[in-house]
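Q: Attaching a predicted model along with its sequence, questions to come.
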Amino acid sequence: MNLKRSLSYLIVLLAWIAVISKSYAAEAKLDWTALEDEAVTLLSRYIQVDTTNPPGDELKAAQFLKAILERDGIEARVIESAPGRANIYARLKGNGAKKAIVLMHHMDVVPAEARQWKEPPFSGAIKDGVIWGRGAIDNKGGGVMGLMTLLALKRQNVQLKGDVIFLGGARNDKKKMLGAGFLLEKHPELFKDVSVVLNEGGGIRLGEDGRARLYSVGVAEKVPLWLKLTAAGSPGHGASPGDNQAVLKLIAALARIATYQSPIKVVPEVQKFYADSAAAAPANRRQQYSDLRKALQDPVFAAEFGAARDGVPLPFRRPCR
Ligand SMILES: [Zn+2]
């Protein structure tokens, strides 16, 4: 994770919360350099808490975060949803003039194969302005931004108009909800007066000058499409396989699925997203993004659009497929 970029996100988040707070301007100035150093150290340490899922083991992460919050006098609750699986919840109180916001992240990470990494994935190594580690981006970086937000608001004694809630969630397992869904069902009182949840996914895009140019909001989630394939063929000895083999049919079918290109259909939300964000897009893309539906009628652009990232986060690149 790039430190400069991540700090800019943090500043944007804090500034945004400052807007909804009451007397931020009157508080003593924040030492941004010290806050940056602290955020970097905390993210590095957080990465070292191995929460590879499976099994998740978010309880370790929840206890790690609780200790940090409570050191600063912020009460935090660790709420277990299954053995070893837990959520963390902390709430800074406002005066109730506005509804509460939740800064949420998930504490587990996907598995990492150490031999594929330049630095050990759970080292949290800090080198050349970059923090290395599984979860640096997804989603412990976001978690540390929320954490630093609470710490900074508390230290500055900001008089909030609305409550600010820090939430670290466990990942659901195959059968049961263990994170936010579990909390909503078993502890709905935790979300009283909540109006907004800020989670991973949308993102804030920065310009060359490091200032926020675009705040994007997710309006839908991708969903998995589970397919079960069954192939039938003639049985026989492996030393003299015939042409009618179930395995070969299965491989051919999988290859067709892997290379399948669904037709592009630009839904209204996607059309509007690209139109609204065209000004923040690379200069050579602005015209096409301002009317994506029309631009995709050009097969050359359609092919480039499908292949190039253009600095656009992946979820926004192919949402219309
Ligand atoms: Zn994630």
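A: Structure's in. What do you need?
Q: Flag every residue of the chain that's near the ion.
A: For the chain, the contact set with the ion under Cβ under 5 Å from the ion comprises D138, N139, E200. (C-beta placed from N, C-alpha, C; glycine too.)
Q: ranking the residues you listed by neighbours, who comes first?
A: With neighbours taken as other Cβ atoms under 10 Å, the top of the residues of the chain next to the ion is N139, carrying 20 neighbours.
Q: isn't that one right up against M104?
A: No: applying Cβ atoms under 8 Å, one finds N139 not in contact with M104, separated by 9.2 Å.
Q: could I get stretch 224-242 in PDB with only the CA atoms?
A: Taking C-alpha atoms only, stretch 224-242 is exported to PDB below (Å, rounded to 0.1, in the frame of the first residue of the first chain):
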ATOM      1  CA  PRO A 224     -21.100 -15.300  -7.400                       C
ATOM      2  CA  LEU A 225     -22.500 -17.600 -10.100                       C
ATOM      3  CA  TRP A 226     -22.000 -21.100  -8.900                       C
ATOM      4  CA  LEU A 227     -22.100 -23.700 -11.600                       C
ATOM      5  CA  LYS A 228     -22.000 -27.500 -11.200                       C
ATOM      6  CA  LEU A 229     -20.900 -29.300 -14.300                       C
ATOM      7  CA  THR A 230     -21.500 -33.000 -14.900                       C
ATOM      8  CA  ALA A 231     -20.000 -34.800 -17.900                       C
ATOM      9  CA  ALA A 232     -20.700 -38.400 -19.000                       C
ATOM     10  CA  GLY A 233     -18.700 -40.600 -21.200                       C
ATOM     11  CA  SER A 234     -17.700 -44.200 -21.800                       C
ATOM     12  CA  PRO A 235     -15.700 -46.000 -19.100                       C
ATOM     13  CA  GLY A 236     -12.400 -47.700 -20.100                       C
ATOM     14  CA  HIS A 237      -8.800 -48.300 -19.100                       C
ATOM     15  CA  GLY A 238      -6.600 -45.200 -18.800                       C
ATOM     16  CA  ALA A 239      -3.900 -46.900 -20.900                       C
ATOM     17  CA  SER A 240      -6.200 -46.800 -24.000                       C
ATOM     18  CA  PRO A 241      -8.600 -43.900 -23.500                       C
ATOM     19  CA  GLY A 242     -11.300 -43.600 -26.100                       C
END
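Q: between the residues of the chain next to the ion, which is nearest L43?
A: Minimum distance to L43 across the residues of the chain next to the ion is 11.4 Å, recorded for N139 (Cβ to Cβ).
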